[in-house]
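**Student:** dropping a prediction and its sequence here:
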Amino acid sequence: MSQKTYKEGDINRPYAIDQTIDGGYIVVGEADYMGSGDKYIWALKFDTNDNIVWQKTYRRSGDTIRDSASSVQQTTDNGYILAGNAFISSGNHNIWIIKLESNGNISWQKTYGDNRDWYSAKASIQQISDGGYLVACDTPSDSTPNLSDLLVMKLNSIGEIPNCSMMGTINASTYDTIVVGQNTSAIVEDTSVIPSDTDVESLDTSAIISTICLGVEPDVDEDGIPDDSDNCPDIPNGPDLGTCVNNANGAVGLTCTNNGECNTGEYCSLNQEDRDNDGAGDACDSDVMCKGNFDYDKDVDGTDAFVFKKHFGRSTFNNPCPPDGPAPVEKSGQTTSQADYDDGYYQRGVDVPLPKPRFSDNGNGTVTDNLTGLIWLKNGNCFGVRSWGDALSVCSGLASGSCDLTDGSSAGDWRLPNRKELESVLDFGRYNPALPSGHPFVNVQSSYVQPIYYWSSTTDADHIDIAWSVDMGYSDVSWDSKASVFFVWPVRGGH
């Protein structure tokens with residue numbers, strides 16, 4: 001243990017302390033600026049040995065300043081969030097929130113008021129699971145003059161309250177301080193206080209909730225997704241509630257939370273799914289797998305063109321519907337015949353126009369397949385060989401900063417491709433590797449000598465301890481025990 005004093009000016013008051021993940025701690029409060037009487041927010045970061053890592057004041061310009069910080073917490077990005085007050089006039093302040101980087105520099109700062117003076121506004125702040133913040137403080141009472149009420153605010157990750165006029169800006173600057181800890185000689189002594197029981201009773205309260213600023217965007221279907229971000233604004237299609245959609249004709253059925261709650265031939269459309277990539281969520285898409293007939297109106301709510309223009313501000317659609325009748329089969333790509341009546345002899349199937357280029361190097365460690373829309377890791381061998389279970393895990397855990405990725409992706413965005421997705425990149429007219437000419441991938445494993453397989457996420461229907469795999473050298477599709485070790489090629493996106 002140690003005890004030290006730290007002095008910046010004549011009067012210094014610490015108001016909050018929080019232990020940090022490195023074992024140290026951060027202290028915030030207020031400091032007197034060079035004996036001027038002005039008070040500025042002061043923050044000091046200490047290591048595990050009580051040494052100062054950094055120390056800074058946060059100062060605004062003005063004739064009289066009486067600012068302080070009353071709450072601090074380390075955030076999930078290893079920065080810090082401070083809550084305090086910014087002086088307005090004698091006895092009155094606004095709430096002041098400062099987001100700091102890990103080195104104490106300001107990331108963003110905002111004040112909160114509603115065009116009236118607030119009292120002391122000693123605020124407390126906590127980061128919550130969605131990356132935003134909850135703030136609690138006092139505010140002048142709407143019903144009783146000279147008294148105060150409790151105010152609770154929900155901020156997003158950058159301190160904003162959408163559609164709320166009580167939020168303002170502030171322009172404090174960061175200044176380094178140079179105080180040095182001085183050893184003190186306080187002596188710990190026992191006291192003779194005797195604890196005694198109290199007769200305090202817990203009582204219910206009758207507080208009335210009133211809204212200063214709603215700050216909530218319209219959400220007609222109440223699925224938790226604001227209408228301007230909801231690709232199906234009239235039918236619940238959010239994170240926890242979806243709608244049963246018929247795979248064949250796109251008909252919409254009951255609400256659901258999983259596929260098991262839907263009828264045979266239906267699936268539960270969740271999380272703003274859009275299988276035909278036309279901008280309309282599957283749950284309210286009248287022709288879920290195609291678009292193109294401007295006069296189409298299967299759900300009798302106005303023509304598709306009218307509804308799309310109303311909701312999304314446009315009247316053109318992306319994926320035209322194929323003609324009625326049997327679905328055509330694509331050519332394999334093999335053009336050389338090795339024997340009469342083989343694939344190269346007949347070359348049956350339809351020519352599917354391939355985008356040019358087929359693949360786009362995004363310059364951030366990813367490659368987009370312009371035919372399927374899938375986004376692949378550019379490096380075809382970032383993880384070496386893995387068992388099937390390990391392959392699932394490393395793909396799910398992949399994020400920007402690994403495997404040469406700078407795409408901003410997070411853990412959970414990537415996955416192990418299924419068998420059809422893995423086969424979709426193959427060109428049966430090429431070998432070693434069996435990929436289209438001019439592809440931008442690197443380190444894709446293939447061999448003239450023996451098959452080199454990549455895992456798919458697809459399990460064999462007859463043996464659950466076996467999964468399918470694809471050889472990138474000669475387009476061989478095979479299966480093997482999930483305990484075997486094969487290469488791994490993550491993908492993200494898809495319908």
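**Tutor:** Here it is on my side, so go on.

**Student:** would you double-check that C268 falls in a helix?
**Tutor:** No. Counting by DSSP: H, G, I helix; E, B strand; the rest coil, C268 is not part of a helix but strand.

**Student:** quick check: the gap between it and T257.
**Tutor:** Distance check for C268 against T257: by C-beta to C-beta, to the nearest Å, it reads 7 Å. Placement of C-beta: from N, CA and C, glycine included.

**Student:** just the helices in the stretch 251-400 of the chain please.
**Tutor:** Along the stretch 251-400 of the chain, counting by DSSP state H, counting those that start in this stretch, helices occupy 304-312, 343-346, 388-397.

**Student:** which stretches of the stretch 301-450 of the chain have low pLDDT?
**Tutor:** 301-330, 350-353 (pLDDT under 70).

**Student:** how about the strands in it?
**Tutor:** Secondary structure of the stretch 301-450 of the chain, counting by DSSP state E, counting those that start in this stretch: strands at 359-361, 366-369, 375-377, 385-386.

**Student:** and those, which is most packed in?
**Tutor:** Ranked by mean neighbour count, the strands of the stretch 301-450 of the chain are led by strand 375-377 with a mean of 25 (mean count of other C-beta atoms under 10 Å).

**Student:** coming back round to it: to R13, which of the strands of the stretch 301-450 of the chain lies closest?
**Tutor:** The minimum distance between R13 and the strands of the stretch 301-450 of the chain falls on strand 366-369, with 50.8 Å, by C-beta to C-beta.

**Student:** neighbours of the nearest residue to S402 once chain neighbours are set aside, how many?
**Tutor:** Leaving aside its sequence neighbours, S402 sits nearest to C382 (C-beta to C-beta, 6 or more residues apart in numbering; 7.5 Å). Residues contacting C382 under the criterion other C-beta atoms under 10 Å number 19.

**Student:** before we move on, the earlier item: format the strands of the stretch 301-450 of the chain as JSON lines; extra columns: distance to P233.
**Tutor:** Listed next are the strands of the stretch 301-450 of the chain as JSON lines, based on distance: least, C-beta to C-beta, whole Å:
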{"stretch": "strand 359-361", "distance to P233": "31"}
{"stretch": "strand 366-369", "distance to P233": "28"}
{"stretch": "strand 375-377", "distance to P233": "27"}
{"stretch": "strand 385-386", "distance to P233": "42"}
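
**Student:** quick one, what contacts the nearest residue to G397 once chain neighbours are set aside?
**Tutor:** In this structure, G397 finds its nearest non-sequential neighbour in A411, 5.1 Å apart by C-beta to C-beta, 6+ apart. Residues near A411 by C-beta atoms under 8 Å, 6 or more residues apart in numbering: S396, G397, L398, A399.

**Student:** I'd like to know how far the closest residue to the last one other than its chain neighbours sits from K99.
**Tutor:** Of all residues beyond its chain neighbours, the one nearest A399 is A411 (4.7 Å), with distances taken as C-beta to C-beta, 6+ apart. Computed with C-beta to C-beta, the distance linking A411 and K99 is 23 Å.

**Student:** now S402: how far from P355?
**Tutor:** With C-beta to C-beta as the criterion, S402 and P355 are 29 Å apart.

**Student:** higher neighbour count, the two?
**Tutor:** Neighbours per residue (other C-beta under 10 Å) separate S402 from P355, with S402 holding more: 17 against 12.

**Student:** quick check: phi and psi on the more buried one?
**Tutor:** Torsion angles at S402 (phi, psi; degrees, to the nearest 10) stand at phi -110, psi 150.

**Student:** neighbours of the closest residue to V394 other than its chain neighbours, how many?
**Tutor:** Distances taken as C-beta to C-beta, 6+ apart put F383 closest to V394, at 5.0 Å, once the chain neighbours are dropped. Here the number of neighbours of F383 (other C-beta under 10 Å) works out to 19.

**Student:** tell me who's in contact with F383.
**Tutor:** A391, V394, C403, F487, V488.

**Student:** okay, now the unreliable bits of the stretch 101-250 of the chain?
**Tutor:** Where the stretch 101-250 of the chain drops to pLDDT under 70, the residues are 114-121, 140-146, 162-190, 202-224, 226-229, 237-239, 247-250.
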